[in-house]
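Asker: I need the structure of the sequence given here:
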Amino acid sequence: MIVLETLFALILNASLAAALIVLLLLFIRKWFHLRLTPRFIHVLWMLVLIKLLVPVGPSSSISLFNLVPQTIVDTWTTYPTHSAHSSGSVKQSEEKEALSADTSESGDATKISLHQRAEEKLSTDGSASRFEDSDSMTENLLSHSEEENRGWTNILNIGLYIWLGGLVLLGIYYLIVTLRFRKQLRCARQINDEKVLSVLHACSERLGIKPNIPVYEISGFQSPWIYGMIKPRIYLPEDIVAIANSQQLTHVLVHELAHYKRKDLWFNFLWTLAVWLHWFNPLIWVAWQKMSTDRELACDAIVLEVLGERESSAYGMTLLMLSRLFSGSSSPPVNLSYFFNNKSEMKRRVTMIAKFKQGSYRLSAIAILSILVWSAVLLTNPNVDSKEKNSVSAFQIDRPIPTFKWFHNLDRALAFSKFDFKVPDYLPEGYRLKNLDLNENFSKANKVDLIEFVSITFVSNFGQKDEKNFEIYASKGNGTLLEHNLLWGASYSQEPARTPAYRQKDLTLDAIRGIAFTTTRSKYKQKPETAKSFVWQENGVTYAINYYSADLSEEELVKVVQSFALPDQVQYIDYGGEGNSYPLYDDTDLQEAINTLGFPVKIPYTISDYGLKLSDSVLLQAGDQNTGFSIRPDTDTLRNTYSVPFNSSIYEINDSIDFYQSKAPIVDVNRLASLRKLEINGIEISAYADMDHFYLEPVHSDNNKLKFKTQTYYVWEQDGIYYTAFILGVDTHQEENLKALVLAPAE
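Answerer: So this is what the prediction gives:
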């Protein structure tokens with residue numbers, strides 16, 4: 001089943017890519033056919049055939065597909081739903097889906113789970129209000145993300161069965177037609193007339209064809225044709241031998257023999273296969289029809305090349321004669337090649353014949369070079385280096401919530417933002433940039449209330465008891481910050497059964513008109529002071545400032561609002577995020593992390609054969625002012641997080657492995673309990689348990705809330721670099737997963 005799913009995904013990719021090529025060739029065919037030789041146009045159709053049958057190919061910076069976004073994402077890989085055994089592959093399971101839904105509401109476990117999405121977003125903020133509101137928002141986004149991916153997977157699975165059903169029906173239809181066609185062939189009579197055989201022999205010699213191809217006469221068909229890839233035979237309509245003179249008979253036989261020489265029956269077979277595989281794409285059927293017509297033009301060209309320009313008029317008259325005599329039904333859908341098949345394209349064939357010049361069938365050096373260039377443009381895949389830096393990278397991670405991204409500086413956020421926004425150019429004393437987040441939110445069907453937003457958090461006294469925060473929002477979309485519960489001053493706005501616990505009023509701050517929201521009761525003991533929000537609009541962007549009355553005075557609020565400016569106009573605030581930790585999204589971040597660390601890093605995308613995949617990568621800088629992870633190393637460290645597949649059959653959904661790399665140890669083993677020592681590939685590894693939970697609080701099991709997940713630390717040194725693998729759960733195959741990390745190459 002996995003093979004069929006993968007094949008279908010490739011077929012969809014190839015079909016959409018080929019459709020673009022078909023549209024391009026139809027344009028060329030319509031507007032430039034008089035300037036291009038028939039053979040050249042037919043060769044271009046071969047490029048479509050290759051794309052349809054060979055869905056994979058090399059990358060190129062000149063590929064046409066560098067100009068368009070990627071088509072089909074392999075959802076089966078991103079959110080695996082394949083059947084598997086308990087050896088560690090992934091298995092689709094209704095119970096696991098229900099379990100993950102329960103787990104996603106389980107408090108502390110959630111904050112460490114689901115690919116560390118809570119650590120990315122929530123542990124970076126000291127405000128309890130921010131923490132719980134963001135947790136609710138993140139859970140909502142995660143639920144939607146998982147639902148969307150499952151929905152997309154279900155659609156692809158349904159499409160797979162429809163595609164297979166179509167192939168079966170086509171096969172049955174083709175079998176019936178072929179059996180009926182072969183039954184008709186039994187009535188064919190071989191022609192032994194000396195005149196016909198003499199003309200056939202002369203035509204074969206002129207084309208350089210050595211095999212003796214027999215000629216048959218048959219009733220019920222409307223044109224001469226050739227059939228049989230292995231043992232070809234020419235079939236002529238009944239009485240054509242009596243009607244046609246020697247010259248006309250020569251034209252007919254040369255044309256059919258030209259099909260044999262050009263291997264048209266073989267190419268026609270490949271086209272039939274391609275159309276079968278892509279039967280759902282109407283443009284491929286159109287391409288097949290147009291290609292067949294252009295094939296006849298190319299065949300006419302080689303016939304005229306053999307006969308000579310002087311006989312072009314006579315050949316055209318033969319074509320017109322046959323079109324008048326045999327204008328009935330078209331050919332059956334079997335692998336044969338008609339002399340006359342499409343009356344509507346007769347004008348093009350006659351025009352080409354009238355304008356034919358000797359030697360035009362041969363491809364010139366320029367034509368061959370042009371075909372090679374077209375091949376490089378149309379048959380290659382997009383080059384990742386030619387993509388925009390915010391879309392595709394050689395280094396890329398499938399994160400659980402792909403819409404959510406956080407950054408430590410403004411420039412990186414701008415590289416990924418979908419709209420322009422302003423930022424404050426004034427901060428109260430003691431405040432500095434903490435994080436910038438990009439996200440989207442929606443709660444209704446079809447995303448009718450979707451908003452895309454940027455949130456910027458500023459912090460003072462980070463990590464201390466008197467830590468202060470305030471937050472800036474910039475958003476666009478059909479929804480509002482209020483209805484998505486993103487305003488601290490209106491935190492109960494989405495509870496329709498309860499009376500809203502906030503006040504709102506119109507407020508003008510230095511000519512900026514907006515709305516002020518204020519909570520009417522305290523929600524958090526940690527923050528008894530009043531939560532407030534000020535919201536206004538400018539140039540289609542909605543801005544908001546979330547703050548607590550003790551963290552930002554009204555005078556300071558006015559100064560912050562007054563200072564908003566476009567990023568390139570900021571003069572007084574440092575948005576560089578120097579010294580702060582940051583996640584890795586693409587090659588830019590990876591290279592910066594390597595430069596910061598000063599050594600090559602290990603980044604395997606998967607671990608062994610047990611389903612764990614890289615879901616997050618963060619460069620932790622010592623003494624940062626923007627994160628609150630459970631392990632805060634004293635030296636710059638790369639932390640890679642490996643999470644289990646969504647439907648794993650052997651691990652709990654919130655099991656994970658955090659893989660740390662640094663120039664010095666990042667945990668104090670004296671605070672840990674030694675478990676054992678082991679050796680992998682000559683590397684000595686020490687295993688520890690955190691019995692006192694110095695680094696991380698106990699985490700409940702997903703399946704049994706009375707039990708806790710195991711927490712194991714594996715520590716080793718390799719080539720002068722210290723590595724720590726913190727394994728949360730993942731109780732089976734631990735050594736195999738650990739071995740994958742030890743043996744992974746440093747890059």
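Asker: For the rest of this, base every contact and every neighbour count on C-alpha atoms.
Answerer: Fine.
Asker: Is R233 in contact with Y216, as I believe?
Answerer: Yes: judged on Cα atoms under 8 Å, R233 makes contact with Y216 at a distance of 7.3 Å.
Asker: Determine the number of other residues adjacent to the closest residue in space to F356 that isn't next to it in sequence.
Answerer: Using Cα to Cα, 6 or more residues apart in numbering and skipping the chain neighbours, the partner closest in space to F356 is E309 (7.0 Å). Applying other Cα atoms under 10 Å, we find 18 residues neighbouring E309.
Asker: Touching, E309 and K357? I think so.
Answerer: Yes: judged on Cα under 8 Å, E309 makes contact with K357 at a distance of 6.6 Å.
Asker: residue ranges with poor pLDDT in this structure?
Answerer: Within the chain, the stretches with pLDDT under 70 are 1-2, 33-34, 67-153, 325-345, 358-362, 364, 383-393, 491-499, 521-528.
Asker: let's go with 50 and repeat that
Answerer: Within the chain, the stretches with pLDDT under 50 are 71-138, 329, 385-392, 493, 524-525.
Asker: ok, how many other residues are close to P55?
Answerer: By the measure other Cα under 10 Å, the count of residues near P55 is 20.
Asker: Ok, G159 next?
Answerer: Other residues lying near G159 total 16 when counted by other Cα under 10 Å.
Asker: what about it, distance to E529?
Answerer: Distance, G159 to E529, by Cα to Cα, to the nearest Å: 55 Å.
Asker: Just want the phi and psi numbers for the spatially most distant residue from the centre of the chain.
Answerer: Distance to the chain centre peaks in the chain at E194, reaching 63.7 Å (criterion: Cα atoms, centre = their mean). Main-chain torsions, E194, degrees, to the nearest 10: phi -60, psi -40.
Asker: ok, now G308?
Answerer: phi 100, psi 160.
Asker: Give me the neighbour count for it.
Answerer: Applying other Cα under 10 Å, we find 14 residues neighbouring G308.
Asker: Strands of the stretch 601-747 of the chain, residue ranges please.
Answerer: According to DSSP state E, counting those that start in this stretch, the stretch 601-747 of the chain carries its strands in the segments 606-607, 612-620, 637-643, 656-662, 673-680, 683-689, 711-718, 721-728.
Asker: in its sheet, what does the first one sit against?
Answerer: Strands adjacent to strand 606-607 in the sheet, as given by DSSP bridges, are strand 612-620 (antiparallel).
Asker: And for the fourth one?
Answerer: Strand 656-662 has these partner strands in its sheet, going by DSSP bridges: strand 637-643 (antiparallel), strand 721-728 (antiparallel).
Asker: Please identify the most buried of those strands.
Answerer: Among those, strand 637-643 has the highest mean neighbour count (mean count of other Cα atoms under 10 Å), at a mean of 25.
Asker: Could you list the residues in contact with it?
Answerer: 114-116, 593, 597, 603, 606-607, 612-622, 654-663, 666 (Cα atoms under 8 Å, 6 or more residues apart in numbering).
Asker: Let's see that with 6 Å instead.
Answerer: The contact list for strand 637-643, computed with Cα atoms under 6 Å, 6 or more residues apart in numbering, reads 115, 612-620, 656-662.
Asker: Next: stretch 609-621.
Answerer: Against stretch 609-621 from outside (Cα under 6 Å, 6+ apart): 88-89, 115, 398-399, 580-584, 605-606, 636-645.
Asker: swap the cut-off to 8 Å and go again
Answerer: 87-90, 115-116, 397-400, 579-584, 593, 604-607, 632-633, 635-645, 648, 656, 733, 737.
Asker: what helix or strand is H259 on?
Answerer: In this structure, H259 sits in helix 246-261 according to DSSP states H and E.
Asker: Run through the neighbouring helices and strands of that helix.
Answerer: The contact analysis (3 or more Cα pairs under 8 Å, 6 or more residues apart in numbering; DSSP states H and E) places helix 246-261 against helix 194-207, strand 225-227, helix 282-307, helix 312-325, strand 336-338.
Asker: for it, the distance to its chain's centre please.
Answerer: From the chain centre to the centre of helix 246-261 is a distance of 49 Å (Cα atoms, centre = their mean, to the nearest Å).
Asker: Which positions in that helix come out as buried?
Answerer: By neighbour count on 16 or more other Cα atoms under 10 Å, the buried set for helix 246-261 is 248-261.
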